[in-house]
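Chemist: Quick one, what's the 3D model for this:
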Amino acid sequence: MAENIPGPDSGQGAPPPPPPPAYAPTQTYDPRAQQQYPQPPQAAYPPPQSGTYAGYGYPQTPPAPPQQGYPPQAYPPPPYPQQGYPPPAYPQQGYPQQAYPQQGGYPPEPTARAPQAAPRKKVTGGLIAGIVAIVVVAAAGIVGATMNGSGSGSGGGSGSGGSGGPSMKSAWSVTDAAQSSDDQVLGGWVTGSLVVRGGSTGVSAYRISDGGKAWTLTPPAGASIPCSMSPTVGPGGIGTVAFGSTAGLCSVLAGVNSSTGAILWTVPLTNSRFTFQADAKTYIQGSVATVLSNGLFGGVDLSTGKSVWSYTDRGQFCDDNVYGTTGVVLISDFCADASPSYTLSALNGRTGKVEWRRAETGHVDFDSVISGDPLVAVVSGTSGNGTAYAYDGSGNATRLAIPSPDAAESSPFSEDDSSQVFGQTLVVQSSDSAGGSDSTGGSIAAYSLTTGSQLWAYSGESKNGAELVDASADGTLYALSTGSYEGEPHYVRLDPVKGTSTIVGALSGASGWGFTDDVLLPGPGNSLVALGGTGGDEVELYR
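Modeler: Sure thing, here's the model as predicted:
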């Protein structure tokens, strides 16, 4: 069940819930079905087995043995087994709800698992070489801004992976050796005159003109470690950053002025009763910021941090599993005292309004949500390889005709924030490499959201890899052709309808493997910003 989190000064707790009805067994999921109702309860839920959950000490059952082999590729997709979810939430009190272990009454869902924090960008074949390059740079003690130097994209090779286009040189690069080598990029913003990089060891802004540091964010008291960052800023240049006291776990959401680095407001993601930090994600849609964390979700005013909306469960004994991205919140729930027992709902991220709800026969587990409008999400598969679906305004699902993902990947798409929609065309980054021993990047593909068919694919000017650049303000689709290990990367524009490329410039002195784990952002005047993915506060501007 769900509970609104009380304000920071509130320590009130909910009264113990009444005994629950019988527990409904998990059923299978078919995204084509419009009304799928669960089978009648077979037996009361047995007492939970002993064990620990995410180190917090609340019960869980042992995980099911792994499945072997790949799921069939033909439609319909295979049944989706119970993957395990956060334990039930509590009744709402004020701010967005949060799910935590019950103190009595209704038992938790079986095979519960701790939520896993997703990386900002899936890493392709060049990660090892990129990490080596970063270690070398850090060892050299390059601190501050170096004009016309090499940074996140540097690494040798002067050969060309393509042809044509003017030369683009590194205008400046910043590597702060004081940052931890364990630093992981969370995201970044490009504003009128600044580049902001958020990493797991700090958030800093640099002047686009010369790379000089403009500000470093002072974190909230008691929560010094950044753990999540909104992909974009909203009106007034306000973005959101979540912090915690433990790496990867969040306890406070903050509104940040991207021009000054000032924290405008904070909202606690824990309280006196529910003290557990959890993985969180935060997104901005207009003047509202959403936060999703281990069953906690809701919307706050971007200027003040005050609650705008929160969700009311369908019953008193509900287990909510929450997913989302910019513009949408997905809730897969089980309510022991409601009919149907299982549903999948899509909420408008700005208002919290339920756009559609459909009955299910079990929890729907998502690997990732690629797009919020239109909604595209990857449903977990039986052998770990997910299947992507496009959902219409009524919740009807169309399967995308994606190729089989690499066996090491759970999702065929990279779970970053670079995916973009142009009309009814989805452009997305693959999660594996382009193929070939000399590849330094992945591949980019476009899909029809009405038919699910693939429209085109792009793997770079030399077919050795390409990485999507985050969405530009003017709607231009940019990518980086990473080239071969000895080749030269090319900054390109892609036609979203045809997939044809136009070279903007060749990155002189850079090598493609240096970009494989970077966050790539379009800069002003056809420039390119690369935020180093690991190993320190690294930022570079090419123009």
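Chemist: which residues sit in contact with Pro374?
Modeler: Pro374 makes contact with Ala390, Tyr391, Asp392, Val421, Gln424, Leu426, Leu449 under the criterion Cβ atoms under 8 Å, 6 or more residues apart in numbering. Just so you know, the C-beta spots here come from the backbone N, C-alpha and C atoms, and that holds for glycine as well.
Chemist: from those residues, which single one is nearest His363?
Modeler: The shortest gap between His363 and any of the contacts of Pro374 belongs to Tyr391, at 16.7 Å (Cβ to Cβ).
Chemist: if you skip the residues just before and after it, what's nearest to that closest one?
Modeler: Of all residues not flanking Tyr391 in the chain, Leu375 sits nearest, at 4.3 Å (Cβ to Cβ, 6 or more residues apart in numbering).
Chemist: Please name the residues that touch the one you found.
Modeler: With contact taken as Cβ under 8 Å, 6+ apart, Leu375 is in contact with Val328, Leu330, Ala346, Val369, Ala390, Tyr391.
Chemist: Tell me what it is bridged to.
Modeler: Beta-bridge partners for Leu375, by DSSP bridges, are Gly372, Tyr391.
Chemist: what about the helices in the protein?
Modeler: For the chain, helices defined by DSSP state H occupy the ranges 127-139.
Chemist: Distance-wise, check Ser341 relative to Glu355.
Modeler: 21 Å (Cβ to Cβ, to the nearest Å).
Chemist: Compare those two (neighbour count), which wins?
Modeler: Ser341 (28 against 17; other Cβ atoms under 10 Å).
Chemist: Could you pull up phi and psi at the more buried one?
Modeler: phi -70, psi -40 (degrees, to the nearest 10).
Chemist: Pretty sure it sits against Phe334.
Modeler: Yes - judged on Cβ atoms under 8 Å, Ser341 makes contact with Phe334 at a distance of 5.9 Å.
Chemist: what separates Ala377 from Phe317, distance-wise?
Modeler: 26 Å.
Chemist: Looking at those two, which one has more neighbours?
Modeler: Ala377 (27 against 23).
Chemist: nearest residue to the more buried one other than its sequence neighbours?
Modeler: Nearest one to Ala377, counting by Cβ to Cβ, 6+ apart, is Val369 at 4.6 Å.
Chemist: So which of the contacts of Pro374 is the closest to Trp189?
Modeler: Among the contacts of Pro374, and counting by Cβ to Cβ, the member closest to Trp189 is Val421, at 20.6 Å.
Chemist: ok, now which ones touch the closest one?
Modeler: Ser371, Asp373, Pro374, Val427, Leu449.
Chemist: Which one of the contacts of Pro374 sits in the busiest neighbourhood?
Modeler: Leu426 (25 neighbours).
Chemist: ok so, going back, identify the farthest-apart pair in the contacts of Val421.
Modeler: Asp373 and Val427, at 14.6 Å, using Cβ to Cβ across the contacts of Val421.
Chemist: Of these two, which one has the most company?
Modeler: Taking other Cβ under 10 Å, Asp373 and Val427 do not tie; Val427 has more neighbours (24 against 14).
Chemist: The more buried one against Leu449, yeah?
Modeler: No - Val427 lies out of contact with Leu449 (Cβ under 8 Å); the separation is 11.0 Å.
Chemist: Which residues does stretch 210-218 contact?
Modeler: Applying Cβ under 8 Å, 6+ apart, the external contacts of stretch 210-218 come out as 144-147, 171-174, 194, 202-207, 241, 256, 260-261, 263, 539, 541.
Chemist: Only the buried subset of those, as a PyMOL command please.
Modeler: Command for PyMOL, covering only those of these found buried under the criterion 16 or more other Cβ atoms under 10 Å:
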select buried, resi 145+146+171+172+173+174+194+202+203+204+205+206+241+256+261+263+539+541
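Chemist: Among the contacts of stretch 210-218, which are located in strands?
Modeler: When DSSP state E defines the strands, the subset of the contacts of stretch 210-218 inside them is 145-147, 171-174, 194, 202-207, 241, 256, 263, 539, 541.
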